[in-house]
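**Student:** would you be able to build a 3D model of this:
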Amino acid sequence: MYSESILRGKTMLRSLAILLVFIVAASAAPIPKSLLRVRVPDMTGTTWNSDETEADLGIEIYTFKEGGQLSIQATGGSLMSGTWTQDGSTVRYRVNDYVDYEATVTDPNSFEAKAKNQVSRAWTAKLTRVDK
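**Tutor:** This is a model prediction of the structure:
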């Protein structure tokens with residue numbers, strides 16, 4: 001009976017040690033990005049610097065206003081307008097009925113948008129939030 005009790009105790013200790021090893025290993029493993037919930041920002045009321053030097057447009061300031069209205073201040077101070085929509089993390093916007101942009105926004109402070117104008121010139125705009 002005594003040896004049976006010792007055997008059960010050793011088995012339990014061994015099981016606890018194995019469980020502890022698994023817990024430590026699991027906590028050290030990185031969490032796959034697909035399992036992390038990303039907080040997608042609501043673009044309404046946000047202002048962004050848009051680096052469009054790739055298209056020789058310089059840095060423009062975009063403000064995503066309520067009702068899908070977009071205000072753009074171009075390099076040199078000229079003002080333009082546009083429209084925008086958001087469906088989850090997908091943001092689409094159009095400037096002066098001439099350039100269409102599309103982006104998947106997963107970072108509340110920066111994102112890249114693919115741009116294409118009416119003559120099929122394409123570039124990437126790099127936006128950084130300025131109203132944090």
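
**Student:** so Ser71 bridges to which residues?
**Tutor:** Thr63, Ser81 (DSSP bridges).

**Student:** quick one: it and Arg129, what's the gap?
**Tutor:** Distance of Ser71 to Arg129, given as Cβ to Cβ, to the nearest Å: 15 Å. For the C-beta atoms, the positions are set from N, CA and C on the backbone; glycine is no exception.

**Student:** how does this structure divide up, domain by domain?
**Tutor:** Residue ranges for the domains of the chain, per automatic domain parsing: 2-30, 46-129.

**Student:** now do the last one, average pLDDT.
**Tutor:** For domain 46-129, the per-residue pLDDT values average out at 95.

**Student:** quick check: buried residues in the host helix or strand of Thr128?
**Tutor:** Taking DSSP states H and E as the definition, one finds Thr128 inside strand 122-129. Neighbour counts over strand 122-129 (16 or more other Cβ atoms under 10 Å) mark Trp123, Ala125, Lys126, Leu127, Arg129 as buried.

**Student:** what of stretch 78-86?
**Tutor:** Buried, per 16+ other Cβ under 10 Å, within stretch 78-86: Gly82, Trp84, Gln86.

**Student:** and stretch 104-112, by the same measure?
**Tutor:** Val105, Phe111.

**Student:** ends of it, how far apart?
**Tutor:** Across its full length, stretch 104-112 reaches 8 Å between end residues, using Cα to Cα, to the nearest Å.

**Student:** how about stretch 78-98?
**Tutor:** For stretch 78-98, the end-to-end distance is 16 Å (Cα to Cα).

**Student:** list the contacts of it.
**Tutor:** Outside stretch 78-98, the residues within contact range by Cβ atoms under 8 Å, 6 or more residues apart in numbering are 38, 40, 42-43, 62, 64, 68-74, 100-106, 111, 113, 117-118.

**Student:** got the contact list for Glu102?
**Tutor:** Contacts of Glu102 by Cβ under 8 Å, 6+ apart are Thr90, Val91, Arg92, Ala113, Lys114.

**Student:** angle of the helix or strand that contains it against strand 122-129?
**Tutor:** Using DSSP H and E, Glu102 sits within strand 99-104. Orientation note: strand 99-104 sits at an angle of 60 degrees relative to strand 122-129 (axes from the mean of the first three to the mean of the last three Cα atoms, to 10 degrees).
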